[in-house]
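Asker: just to be clear, the model below is a prediction. Sequence and coordinates:
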Amino acid sequence: MEKVLWWLIGGTRGGKNRLRIIRKVKEEPMNANQLSEELDLDYKTIRHHLDTLEENKIVTSIGDQYGKNYFPSDWMEDNIESLKKITEEADLND
């Protein structure tokens with residue numbers, strides 16, 4: 001898990017936005033449109049990051065199309081300390 005998180009969060013240009021998405025859905029499940037508004041990012045950018053995070057089992061979803069809500073996967077919840085460590089090491093704290 002730590003290698004996947006390093007690649008997705010610490011090792012790519014979009015890592016900071018992916019981290020913001022993970023943090024936001026950890027607070028409250030949201031759909032892509034809500035995330036776009038909350039994080040002030042383009043809807044297509046949010047969709048791209050959500051697809052990547054879901055493909056790598058970092059977030060999971062319930063629902064379909066526009067009603068699809070995202071939240072951290074059980075795998076992510078079990079590895080939240082790894083995310084915190086990577087966030088600190090990659091200097092991504094706000």
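Answerer: Cool, the structure landed. Numbers count the residues shown, from 1 in each chain.

Asker: show me where this protein has its helices.
Answerer: 2-5, 15-27, 32-39, 43-55, 74-78, 80-89 (DSSP state H).

Asker: pLDDT of the first one, averaged?
Answerer: By that I understand helix 2-5. Mean pLDDT, computed over helix 2-5, is 90.

Asker: for the most centrally placed residue in the chain, what are its contacts?
Answerer: For the chain, the residue sitting closest to the mean C-alpha position, by CA atoms, centre = their mean, is Ile22 at 3.2 Å. With contact set as CB atoms under 8 Å, 6 or more residues apart in numbering, Ile22 has these partners: Leu53, Ile58, Val59, Pro72, Met76, Leu83. The way it works is simple: take the backbone N, C-alpha and C, and place the C-beta from them, glycine included.

Asker: quick one on the thing from earlier: for Gly63, find the nearest of the helices of the chain.
Answerer: Among the helices of the chain, helix 32-39 comes nearest to Gly63, with 10.9 Å by CB to CB.

Asker: okay, the angle between that closest one and helix 15-27?
Answerer: Angle, helix 32-39 to helix 15-27, by axes from the mean of the first three to the mean of the last three CA atoms, to 10 degrees: 110 degrees.
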